[in-house]
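Trainee: I'd like to go over a predicted model; first the sequence, then the structure.
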Amino acid sequence: MYQTAYISRSRSGYRGSSSYSNSNRRRSSGGGQRFRHYRGKGVDIAAYINRAADQTPTPPHVIEHRFSDFTLCQPIHNNLKYRNFTTPTPIQDQAIKPILEGKDLIGLANTGTGKTAAFLLPLINKVYNDPSQKVLIIAPTRELAQQIEDEFRLFAYGMKIFSVTCVGGMPMYKQVGNLRRNPNFVIGTPGRLIDLGKRGNIRFSQFNNVVIDEIDRMLDMGFIEDITTMLDQVSTNRQSLFFSATMPDKIRSLIGRFANNPVTVEVKSGETAQNVEQNVIKIIDKNKKFDQLHELLNQPDFDKVLIFNETKRDVERLTNELVASGFKADSIHGNKSQSQRTRALKSFKDGYTKILVATDVAARGLDIKEVTHVINYSAPQTYDDYIHRIGRTGRGDCKGKALTFIE
């Protein structure tokens, strides 16, 4: 039996230890250890332990609108009806109206809150009513850019509004060819967009609408200079929309420079995912770490598991070990081509692959339904990284579990 730490909250702090089994968690006789002795990358281990049922729920946002209340064009309403979308999420409820009114906006929202539709719907409406409008959407990762593109196609179905996705890892000549068709929406990652701009394939001055999604992730990835370069060239007569889970000073300064009297809407589910039960796995012996993981994955409720590891090499090594042990596993990281990453994600989403092993490239933006467990095989670098990792499970009204290996 492998050991996991388990706590109950008391006035004396975080105490107790326990075994993790298929059936339940039971107290062991080894209570009394303080978890400050176990830390991962400088993050207090107590931050990794929280029962979903024990958390104080955030007061629900009172939804004031239905989609039918918004002044969206009829084709959009038809597409929403086809998808059975009647009631907006809180971020959609607050953001769509001011965006429709042409206001700049700062949307503070955690991942999985529906913010993609919050900006796509009013911008598609804007382009439908005025085909001269050009929209630039910047996302931190290829996967998020592709996800935005997929949502765009569903919302703009049959409206003869076209888009192109410009990301690394895919043939540039195809993207250049699509850009020559003069699409109204360009969705891309900073590196590829900058490259296309330098080659003269994109003129940023033609865009009069700009969306920067997950801008805090851009800061983490070192893209703020590229973002600034593009925003310096975008038309000054523009509508600017910024979406972020957090608001560091550098981002606040950037928004202050490029936004015009923005409306701020905030819909956050709290510091950690409320639907995620969090716990830790104490490594008994480094040489038996994989055995502990193997035992976990053999439990019947581990149906769809996302495992995070630190480096690309570690991800590949762990994936190969899992496959050799008989698990249906695949991997996703920066050294994979975009087509490989897309195939791996599709296989995982469709349920053919039970386990997806990834670097933090998968920690943001991915909306994969019914992930039962997130396992941090290596401890995250920061607490923000941890929050975004575990946000891949417990999405919507579903419950999820997150387990972090600690030494």
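Mentor: Ah, there it is.

Trainee: Where does pLDDT dip in the stretch 251-400 of the chain?
Mentor: For the stretch 251-400 of the chain, the stretches with pLDDT under 70 are 268-274, 362-366, 395-397.

Trainee: could you redo the last one with a cut-off of 80?
Mentor: Residue ranges of the stretch 251-400 of the chain with pLDDT under 80: 268-275, 334, 337-338, 361-369, 381-385, 387-388, 391, 394-398.

Trainee: those helices in it, which residues are they?
Mentor: 289-297, 312-324, 338-350, 383-390 (DSSP state H, counting those that start in this stretch).

Trainee: out of these, which comes closest to residue 260?
Mentor: helix 383-390 (28.6 Å; C-beta to C-beta). (C-beta placed from N, C-alpha, C; glycine too.)

Trainee: returning to that earlier point: ok, and which of the helices of the stretch 251-400 of the chain has the densest surroundings?
Mentor: helix 383-390 (a mean of 22; mean count of other C-beta atoms under 10 Å).

Trainee: quick one on the thing from earlier: distance to residue 238 for the helices of the stretch 251-400 of the chain - can I get that in a markdown table?
Mentor: Compiled in a markdown table, the helices of the stretch 251-400 of the chain are given as follows (distance: least, C-beta to C-beta, whole Å):
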| stretch | distance to residue 238 |
| --- | --- |
| helix 289-297 | 49 |
| helix 312-324 | 37 |
| helix 338-350 | 29 |
| helix 383-390 | 29 |
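
Trainee: Relative to residue 370, which of the ones you listed is closest?
Mentor: helix 338-350 (9.2 Å).

Trainee: So which residues make contact with the closest one?
Mentor: Contact with helix 338-350 is made by 142-143, 146, 167-170, 304, 306, 330-332, 336, 353, 356, 366, 368-369, as judged by C-beta atoms under 8 Å, 6 or more residues apart in numbering.

Trainee: ok, of those, which come out buried?
Mentor: 142-143, 146, 167-170, 304, 306, 330-332, 336, 353, 356, 366, 368 (16 or more other C-beta atoms under 10 Å).

Trainee: Now, those that are in strands?
Mentor: Counting by DSSP state E, the members of these that fall within strands are 306, 330, 331, 332, 356.

Trainee: just curious, which of the residues you listed is nearest to residue 237?
Mentor: Taking these together and measuring to residue 237 by C-beta to C-beta, the closest member is residue 332, at 39.7 Å.

Trainee: Near the residue nearest to that closest one when sequence neighbours are not counted, how many other residues are there?
Mentor: In space, and not counting its chain neighbours, residue 332 is closest to residue 358: 4.6 Å by C-beta to C-beta, 6 or more residues apart in numbering. Applying other C-beta atoms under 10 Å, we find 27 residues neighbouring residue 358.

Trainee: ok, residue 358 touching residue 309?
Mentor: Yes: in this structure, residue 358 is within contact of residue 309 by C-beta atoms under 8 Å, at 7.5 Å.

Trainee: which neighbours do the two share?
Mentor: residue 315.

Trainee: Return the distance of residue 169 relative to residue 179.
Mentor: 17 Å (C-beta to C-beta, to the nearest Å).

Trainee: for residue 74, that is, sorry about that
Mentor: 30 Å.
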